[in-house]
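>>> predicted model and sequence below, questions to follow.
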Amino acid sequence: MTDTPAATADTWTVAGRTFTSRLIVGTGKYKDFEQNAAAVEASGAEIVTVAVRRVNISDPKAPMLTDFIDPKKITYLPNTAGCFTADDAIRTLRLAREAGGWDLVKLEVLGEARTLYPDMRETLKACEVLAKEGFAPMVYCVDDPIAAKQLEEAGAVAIMPLGAPIGSGLGIQNKVTVRLIVEGANVPVLVDAGVGTASDAAVAMELGCDGVLMNTAIAEAKDPLRMARAMKLSVQAGRDAYLAGRMATRRYADPSSPLAGLI
Ligand SMILES: CC(=O)[C@@H](O)[C@H](O)COP(=O)(O)O
């Protein structure tokens, strides 16, 4: 299939940076950096998110992710995975900015280890401070339209509601609230966490999301490269379906061949 002009021009912009790929991928749980880099390539992603506390991006004495995924070609989005307080998250991102100059960041402040649900009170607090310090925070959050609005007011440059708990692969549990967030947002909305397979990513895009962030679904697939490619295609398909505008649903059958002109 050749891309239509509309499809090729379909970019999205966050904090003044424009991207073509609407898929953001993670850098955890892979066998090694090599496999991670190959998956990023297969996914077509232009942004990778990196848990700066867990992945080596600054110590040249140990293998560094940056040797495998070129930060000149792929945008690094440092994240605060493993942070349970606003102070911890803020400190982590200040260090990331010092180490690599990154100001486009992914903020996540977790509430508990069992569900890895975000703590929205701490998340909001951190978002406000980071925005005032000149960061552009893309923010992992609950799938709640009110919390999403509050984050936007606090300076979030993207809203990233969970589809389901991180690493669960359960898919999008609450389509109604994700759609409400999309309708109310003036910044990009990306589903972050819980995607398990390609159809979940397509659903997120069909709901009108600007993109999807995922890690486990690709890293823990039996064939991560093949799953990365599947995700790339499903994000594109979901986006195209959203732009095409789905048909109205009906309660009863409607014949596929027209009845007019029958003898
Ligand atoms: C990688 C990241 O930033 C996380 O928010 C999370 O790991 C993504 O969730 P999944 O692993 O469920 O895709």
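Received it, and whenever you're ready, just let me know what you need.

>>> who are the packing partners of the helix or strand hosting residue 131?
Using DSSP states H and E, residue 131 sits within helix 120-132. On a contact count with 3 or more CB pairs under 8 Å, 6 or more residues apart in numbering; DSSP states H and E, helix 120-132 meets helix 86-100, strand 104-107, strand 136-141, helix 145-153. Placement of C-beta: from N, CA and C, glycine included.

>>> ranking those by burial, who's on top?
Stretch with highest mean neighbour count among the helices and strands packed on helix 120-132: strand 136-141 (a mean of 27; mean count of other CB atoms under 10 Å).

>>> so that strand versus helix 120-132, what angle?
Orientation of strand 136-141 against helix 120-132 (axes from the mean of the first three to the mean of the last three CA atoms, to 10 degrees) gives an angle of 170 degrees.

>>> report whether stretch 224-242 contacts the ligand.
No - on the criterion CB under 6 Å from any ligand atom, stretch 224-242 is out of touch with the ligand, staying 10.2 Å away.

>>> can I get that stretch in CSV? Just the C-alpha atoms.
The C-alpha trace of stretch 224-242 is given here as CSV (Å, rounded to 0.1, in the frame of the first residue of the first chain):
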residue,chain,number,x,y,z
PRO,A,224,10.1,-8.7,20.2
LEU,A,225,11.1,-7.5,16.7
ARG,A,226,8.1,-8.9,15.1
MET,A,227,5.9,-7.5,17.8
ALA,A,228,7.6,-4.1,17.4
ARG,A,229,6.6,-4.1,13.7
ALA,A,230,3.1,-5.2,14.6
MET,A,231,2.8,-2.3,17.0
LYS,A,232,4.1,0.2,14.4
LEU,A,233,1.4,-1.1,11.9
SER,A,234,-1.4,-1.1,14.4
VAL,A,235,-0.7,2.4,15.6
GLN,A,236,-0.8,3.5,12.0
ALA,A,237,-3.9,1.5,11.3
GLY,A,238,-5.7,2.9,14.4
ARG,A,239,-4.8,6.4,13.5
ASP,A,240,-6.0,6.0,9.9
ALA,A,241,-9.2,4.5,11.1
TYR,A,242,-9.7,7.4,13.5
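
>>> residues making contact with it?
7, 10, 21-23, 25, 30, 35, 38-40, 42-45, 195, 197-199, 201-208, 211-212, 214, 217-218, 221 (CB atoms under 8 Å, 6 or more residues apart in numbering).

>>> so which of those sit within strands?
Secondary structure from DSSP state E places 23, 25, 211, 212, 214 of the contacts of stretch 224-242 in strands.

>>> next one: the closest residue to the last one other than its chain neighbours from residue 135, what distance?
Ranked by CB to CB, 6 or more residues apart in numbering and with sequence neighbours excluded, the top spatial neighbour of residue 214 is residue 195, at 4.4 Å. Separation of residue 195 from residue 135 (CB to CB, to the nearest Å) stands at 26 Å.

>>> which of those two has more residues huddled nearby?
The neighbour comparison of residue 195 against residue 135 (other CB atoms under 10 Å) goes to residue 195, with 31 against 25.

>>> I'd say the more buried one and residue 217 touch.
Yes - using CB atoms under 8 Å, residue 195 is in contact with residue 217, at 4.9 Å.
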